[in-house]
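A.B. asks: Here's my sequence, what's the structure:
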Amino acid sequence: MNIAVVMGGYSDESVISLRSGQLILSNLDQNKYKTFEIHILLDGWNAIVDGTKLPIDRSDFTFTENGQKIKFDAIINTIHGTPGEDGHLQAYWELLEIPYTGCNFYQSALTFNKRDTLSVLSKFNIPKADSIYLSKGDVISGEEIKAQLGLPFFVKPNQSGSSLGVSKVNDLADFEKALDFAFAEDSDILIESYLKGTEVSVGVLNYKGETKVLGLTEIVSENDFFDYEAKYLGKSEEITPARLSPETEKEVIEMAKKVYEALGMTGFSRSEFIIMDGVPHFIEINTNPGLSPQSIFPQQATYAKLNFSDLLDNEIEIALKRRSLWKK
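C.D. replies: Here you go, the predicted model:
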């Protein structure tokens with residue numbers, strides 16, 4: 001089968017996505033698949049063949065090499081952020097009837113929107129931080145936020161990944177700066193109460209028809225919170241398995257599965273929780289988690305003693321099954 005490994009994206013996360021794509025290419029079984037490296041970036045959509053850029057025809061997501069049109073049997077999507085994690089590309093591929101990995105376009109759009117994700121999960125009694133939602137132009141004072149949420153609190157873009165645009169406000173003097181930082185990423189923002197506790201990251205996927213938790217990773221950030229530097233520039237310690245009691249570990253696993261299934265997920269995911277007073281509180285879910293060698297999800301796959309090539313085979317099988325449903 002011709003498999004397109006799609007990487008890049010239009011956000012600052014594109015560099016991480018390109019690394020993730022390389023790990024996938026190195027783990028796909030070359031006896032089963034003919035693989036193609038596809039870059040979707042602000043400067044264009046291209047297949048990279050022997051170091052040469054060959055443009056993608058956006059009318060049918062093909063490219064031409066030596067006069068021959070190359071079509072794809074399936075797509076492995078590893079774009080972080082827009083347009084590959086917010087549903088845009090998924091909807092486009094579905095219209096073209098090309099199978100793709102990960103969740104479908106609705107779940108992608110839903111989970112990329114923090115407010116809407118929290119709204120859906122509120123129906124399932126998932127503990128979470130208290131929050132206030134603002135759009136650009138809304139007027140609210142820091143004192144009002146403090147009265148409702150206390151100090152410190154977090155200011156986050158509603159739609160953004162990898163902690164881009166996120167600030168922890170310890171003093172109201174920093175509130176306006178935090179607003180500007182978040183609004184630079186998105187016109188809607190979320191302000192959340194601070195949860196003091198142990199942060200854990202949980203890899204979850206649908207493996208052989210069942211919801212499976214790969215492992216629990218405890219995050220110990222050198223910075224004030226698990227920001228971009230902590231995630232990608234070595235400013236954190238990631239401990240797998242997390243140092244939790246058996247009872248708490250079981251509760252986090254069940255909560256992570258509940259979140260995955262409540263949102264109708266398929267594909268790789270990574271959910272973040274803060275365990276406060278023994279209770280896991282949901283923070284967010286990432287539906288295209290980083291897959292570079294130093295990323296948490298591959299670390300957890302190793303811990304679970306699962307071969308990454310087998311996980312990719314499983315993803316491709318799910319993608320092919322999804323195509324059969326489109327034709328009904």
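
A.B. asks: Can you name every helix or strand that the longest helix seen in the chain contacts?
C.D. replies: Assignment by DSSP state H gives helix 308-326 as the longest helix of the chain. Contact analysis of helix 308-326 by 3 or more C-beta pairs under 8 Å, 6 or more residues apart in numbering; DSSP states H and E lists helix 14-27, strand 74-77, strand 198-207, helix 296-303 as its packing neighbours. Bear in mind the C-beta positions are built from the backbone N, C-alpha and C, glycine included.

A.B. asks: contacts for that helix?
C.D. replies: By C-beta atoms under 8 Å, 6 or more residues apart in numbering, the residues outside helix 308-326 that reach it are 1, 3, 23-24, 27-29, 32-33, 74-76, 94, 97, 99-102, 104, 205-208, 266-268, 298, 301.

A.B. asks: hey, C-alpha coordinates of that helix in CSV?
C.D. replies: Once non-C-alpha atoms are left out, helix 308-326 reads as follows in CSV (Å, rounded to 0.1, in the frame of the first residue of the first chain):
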residue,chain,number,x,y,z
PHE,A,308,5.6,0.8,17.6
SER,A,309,5.4,-0.8,14.2
ASP,A,310,2.5,-2.9,15.4
LEU,A,311,0.7,0.3,16.8
LEU,A,312,1.1,1.9,13.3
ASP,A,313,-0.3,-1.2,11.6
ASN,A,314,-3.3,-1.1,14.0
GLU,A,315,-3.9,2.6,13.1
ILE,A,316,-3.8,1.9,9.4
GLU,A,317,-6.3,-1.0,9.9
ILE,A,318,-8.7,1.3,11.8
ALA,A,319,-8.4,3.9,9.0
LEU,A,320,-9.3,1.4,6.3
LYS,A,321,-12.3,0.2,8.3
ARG,A,322,-13.5,3.8,8.7
ARG,A,323,-13.6,4.2,4.9
SER,A,324,-16.1,1.3,4.5
LEU,A,325,-18.4,3.2,6.8
TRP,A,326,-18.3,6.4,4.6
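
A.B. asks: Just the buried positions in it, please.
C.D. replies: When burial is assessed from 16 or more other C-beta atoms under 10 Å, helix 308-326 yields the following buried residues: 308, 311, 312, 313, 314, 315, 316, 318, 319, 322.

A.B. asks: got the angle for it vs strand 198-207?
C.D. replies: Here helix 308-326 points in a direction 60 degrees away from that of strand 198-207 (axes from the mean of the first three to the mean of the last three C-alpha atoms, to 10 degrees).

A.B. asks: tell me the angle of helix 308-326 relative to helix 14-27?
C.D. replies: Helix 308-326 runs at 100 degrees relative to helix 14-27, counting by the same axes, to 10 degrees.

A.B. asks: longest strand in this structure, by residue count?
C.D. replies: As assigned by DSSP state E, the longest strand anywhere in the chain is strand 210-221.

A.B. asks: name the helices or strands packed onto it?
C.D. replies: Looks like strand 210-221 contacts strand 198-207, strand 236-239, helix 246-262, helix 296-303 (3+ C-beta pairs under 8 Å, 6+ apart).

A.B. asks: Quick one: mean pLDDT over that strand.
C.D. replies: Strand 210-221 shows a mean pLDDT of 94.

A.B. asks: do stretch 116-129 as well
C.D. replies: 94.

A.B. asks: ok so, going back, now which of the contacts of helix 308-326 would you call buried?
C.D. replies: 3, 23-24, 27-28, 33, 74-76, 94, 99-102, 104, 205-207, 266-268, 298, 301.

A.B. asks: Is residue 38 bridged to anything, and to what?
C.D. replies: residue 6, residue 47 (DSSP bridges).

A.B. asks: What is the burial count for it?
C.D. replies: 25 (other C-beta atoms under 10 Å).

A.B. asks: Ok, residue 283 next?
C.D. replies: Neighbourhood size, residue 283 [other C-beta under 10 Å]: 21.

A.B. asks: Which helix or strand contains it?
C.D. replies: strand 279-286 (DSSP states H and E).

A.B. asks: can you put the helices and strands packed on strand 210-221 in JSON lines and add mean pLDDT and distance to residue 175?
C.D. replies: Output for the helices and strands packed on strand 210-221, formatted as JSON lines (pLDDT from 0 to 100; distance: least, C-beta to C-beta, whole Å):
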{"stretch": "strand 198-207", "mean pLDDT": "97", "distance to residue 175": "23"}
{"stretch": "strand 236-239", "mean pLDDT": "87", "distance to residue 175": "26"}
{"stretch": "helix 246-262", "mean pLDDT": "97", "distance to residue 175": "30"}
{"stretch": "helix 296-303", "mean pLDDT": "94", "distance to residue 175": "31"}
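
A.B. asks: one step back: show me which positions of the longest strand of the chain end up buried.
C.D. replies: Neighbour-count burial for strand 210-221, counted by 16+ other C-beta under 10 Å, picks out 212, 213, 214, 215, 216, 217, 218, 219, 221.
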